[in-house]
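Colleague: this one's sequence-less:
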(Lines give C-alpha, C1' and ligand atoms only; values in the text may rest on other atoms or scores of the structure.)
Protein backbone atom coordinates (compact mmCIF):
# COMPACT_ATOMS: atom_id res chain seq x y z
CA UNK A 1 0.00 0.00 0.00
CA UNK A 2 1.18 3.53 -0.55
CA UNK A 3 0.95 6.35 -2.98
CA UNK A 4 -1.80 8.83 -3.36
CA UNK A 5 -5.45 7.63 -3.41
CA UNK A 6 -6.86 8.13 -6.89
CA UNK A 7 -10.59 8.51 -7.45
CA UNK A 8 -12.23 7.14 -10.58
CA UNK A 9 -15.69 8.26 -11.54
CA UNK A 10 -18.46 8.33 -11.20
CA UNK A 11 -18.36 7.06 -14.79
CA UNK A 12 -21.74 6.58 -16.45
CA UNK A 13 -22.37 4.23 -19.39
CA UNK A 14 -25.23 2.27 -20.97
CA UNK A 15 -25.49 -1.53 -20.93
CA UNK A 16 -28.06 -3.88 -22.45
CA UNK A 17 -29.84 -6.41 -20.27
CA UNK A 18 -29.10 -10.05 -21.06
CA UNK A 19 -25.99 -9.19 -23.11
CA UNK A 20 -22.34 -8.87 -22.18
CA UNK A 21 -20.91 -5.39 -22.69
CA UNK A 22 -17.27 -4.31 -22.64
CA UNK A 23 -16.33 -1.03 -20.94
CA UNK A 24 -12.88 0.58 -21.08
CA UNK A 25 -11.79 2.05 -17.74
CA UNK A 26 -9.03 4.66 -18.03
CA UNK A 27 -7.14 4.12 -14.77
CA UNK A 28 -3.46 3.98 -13.80
CA UNK A 29 -1.75 0.93 -15.31
CA UNK A 30 -1.08 -0.46 -11.82
CA UNK A 31 -2.43 0.08 -8.36
CA UNK A 32 -4.46 -1.37 -5.51
CA UNK A 33 -8.26 -1.34 -5.71
CA UNK A 34 -9.59 -0.07 -2.39
CA UNK A 35 -13.27 0.77 -3.04
CA UNK A 36 -15.57 -0.38 -5.82
CA UNK A 37 -19.14 0.84 -6.29
CA UNK A 38 -21.24 -0.24 -9.28
CA UNK A 39 -24.93 0.57 -9.73
CA UNK A 40 -27.19 -0.37 -12.64
CA UNK A 41 -30.24 1.88 -12.51
CA UNK A 42 -33.43 -0.11 -12.85
CA UNK A 43 -31.44 -3.32 -12.83
CA UNK A 44 -31.77 -6.44 -10.77
CA UNK A 45 -29.09 -9.09 -10.84
CA UNK A 46 -26.13 -9.58 -13.09
CA UNK A 47 -22.41 -10.23 -13.17
CA UNK A 48 -19.20 -8.36 -13.95
CA UNK A 49 -15.44 -8.85 -14.08
CA UNK A 50 -12.49 -6.46 -14.28
CA UNK A 51 -9.72 -7.62 -16.62
CA UNK A 52 -6.05 -6.61 -16.83
CA UNK A 53 -5.94 -7.45 -20.56
CA UNK A 54 -8.12 -6.09 -23.37
CA UNK A 55 -7.85 -9.29 -25.44
CA UNK A 56 -9.00 -11.45 -22.51
CA UNK A 57 -11.94 -9.12 -21.83
CA UNK A 58 -12.95 -9.23 -25.49
CA UNK A 59 -12.79 -13.05 -25.47
CA UNK A 60 -14.98 -13.14 -22.34
CA UNK A 61 -17.60 -10.93 -24.02
CA UNK A 62 -17.49 -13.06 -27.18
CA UNK A 63 -17.84 -16.27 -25.15
CA UNK A 64 -20.93 -14.95 -23.33
CA UNK A 65 -22.52 -13.54 -26.47
CA UNK A 66 -22.10 -16.82 -28.33
CA UNK A 67 -19.01 -16.49 -30.54
CA UNK A 68 -15.95 -18.09 -29.06
CA UNK A 69 -12.99 -16.95 -31.15
CA UNK A 70 -9.65 -17.75 -29.53
CA UNK A 71 -6.27 -18.39 -31.00
CA UNK A 72 -4.64 -21.72 -30.21
CA UNK A 73 -2.80 -21.52 -26.90
CA UNK A 74 -4.73 -18.51 -25.56
CA UNK A 75 -5.20 -18.62 -21.82
CA UNK A 76 -8.84 -18.65 -20.67
CA UNK A 77 -10.13 -15.12 -19.96
CA UNK A 78 -10.67 -15.86 -16.27
CA UNK A 79 -6.86 -16.04 -15.80
CA UNK A 80 -6.78 -12.26 -16.39
CA UNK A 81 -9.56 -11.31 -13.94
CA UNK A 82 -8.59 -8.74 -11.32
CA UNK A 83 -11.96 -8.60 -9.56
CA UNK A 84 -15.43 -10.02 -10.15
CA UNK A 85 -18.81 -9.87 -8.52
CA UNK A 86 -22.56 -9.97 -8.79
CA UNK A 87 -25.21 -7.29 -8.79
CA UNK A 88 -27.96 -7.55 -6.17
CA UNK A 89 -30.89 -5.23 -6.78
CA UNK A 90 -28.68 -3.45 -9.32
CA UNK A 91 -25.84 -2.74 -6.86
CA UNK A 92 -22.40 -4.09 -6.00
CA UNK A 93 -20.33 -2.24 -3.38
CA UNK A 94 -17.08 -3.27 -1.74
CA UNK A 95 -15.57 -0.69 0.59
CA UNK A 96 -12.67 -2.70 2.05
CA UNK A 97 -10.59 -4.10 -0.76
CA UNK A 98 -6.84 -4.57 -1.13
CA UNK A 99 -6.58 -6.01 -4.65
CA UNK A 100 -3.35 -5.29 -6.52
CA UNK A 101 -3.40 -5.15 -10.31
CA UNK A 102 -1.05 -4.42 -13.22
CA UNK A 103 -2.34 -4.06 -16.77
CA UNK A 104 -0.41 -6.51 -18.94
CA UNK A 105 -1.11 -4.79 -22.27
CA UNK A 106 1.61 -2.60 -23.74
CA UNK A 107 5.27 -2.79 -22.72
CA UNK A 108 7.19 -1.98 -19.53
CA UNK A 109 8.27 1.35 -21.02
CA UNK A 110 4.87 2.10 -22.60
CA UNK A 111 2.17 0.56 -20.33
CA UNK A 112 -1.55 0.74 -21.10
CA UNK A 113 -3.31 2.86 -18.44
CA UNK A 114 -6.59 1.00 -18.26
CA UNK A 115 -8.62 -1.95 -17.08
CA UNK A 116 -11.55 -3.52 -18.91
CA UNK A 117 -14.93 -4.46 -17.45
CA UNK A 118 -17.27 -7.11 -18.82
CA UNK A 119 -20.73 -6.45 -17.43
CA UNK A 120 -23.92 -8.42 -18.02
CA UNK A 121 -27.02 -7.18 -16.22
CA UNK A 122 -30.12 -9.32 -16.04
CA UNK A 123 -33.31 -8.14 -17.65
CA UNK A 124 -34.32 -6.68 -20.99
CA UNK A 125 -33.66 -3.21 -22.30
CA UNK A 126 -30.97 -0.58 -21.95
CA UNK A 127 -29.84 0.35 -18.45
CA UNK A 128 -27.61 3.16 -17.21
CA UNK A 129 -24.69 1.96 -15.09
CA UNK A 130 -22.55 4.13 -12.82
CA UNK A 131 -19.10 3.09 -11.56
CA UNK A 132 -16.89 4.74 -8.93
CA UNK A 133 -13.61 3.34 -7.56
CA UNK A 134 -10.69 4.36 -5.36
CA UNK A 135 -7.22 3.12 -6.28
CA UNK A 136 -4.10 3.31 -4.04
CA UNK A 137 -0.46 2.80 -4.88
CA UNK A 138 -0.47 4.80 -8.08
CA UNK A 139 3.11 5.95 -7.40
CA UNK A 140 4.80 2.58 -6.73
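Modeller: Perfect, I can see it now. Keep in mind it's a predicted model, so treat the numbers as computed, not measured. Numbers count the residues shown, from 1 in each chain.

Colleague: quick one: low-confidence ranges for this protein?
Modeller: For the chain, applying pLDDT under 70 flags the ranges 1-3, 65-74, 138-140.

Colleague: And the strands in this protein, which stretches?
Modeller: Under the criterion DSSP state E, the chain contains strands at 6-16, 21-25, 30-41, 46-51, 81-87, 91-94, 99-102, 115-121, 126-136.

Colleague: Quick one: closest of the ones you listed to residue 60.
Modeller: Nearest to residue 60 among the strands of the chain is strand 115-121; the distance by CB to CB comes to 4.8 Å. Just so you know, the C-beta spots here come from the backbone N, C-alpha and C atoms, and that holds for glycine as well.

Colleague: how much space between the nearest residue to residue 124 once chain neighbours are set aside and residue 45?
Modeller: Excluding its sequence neighbours, the residue lying closest to residue 124 (CB to CB, 6 or more residues apart in numbering) is residue 17, at 4.9 Å. Computed as CB to CB, to the nearest Å, the residue 17 to residue 45 distance reads 10 Å.

Colleague: Can you give me every residue that contacts the residue nearest to residue 91 when sequence neighbours are not counted?
Modeller: Taking CB to CB, 6+ apart, and ignoring the residues beside it in sequence, residue 91 has residue 39 as its nearest neighbour in space, at 5.2 Å. Residue 39 sits next to 90-92, 129-130 when contact means CB atoms under 8 Å, 6 or more residues apart in numbering.

Colleague: ok, now residue 78?
Modeller: Taking CB under 8 Å, 6+ apart as the test, what residue 78 contacts is 49, 60.

Colleague: next one: residue 104
Modeller: Counting by CB under 8 Å, 6+ apart, residue 104 makes contact with 52-53, 80.

Colleague: repeat that with 7 Å
Modeller: By CB atoms under 7 Å, 6 or more residues apart in numbering, the contact set of residue 104 is 52-53.
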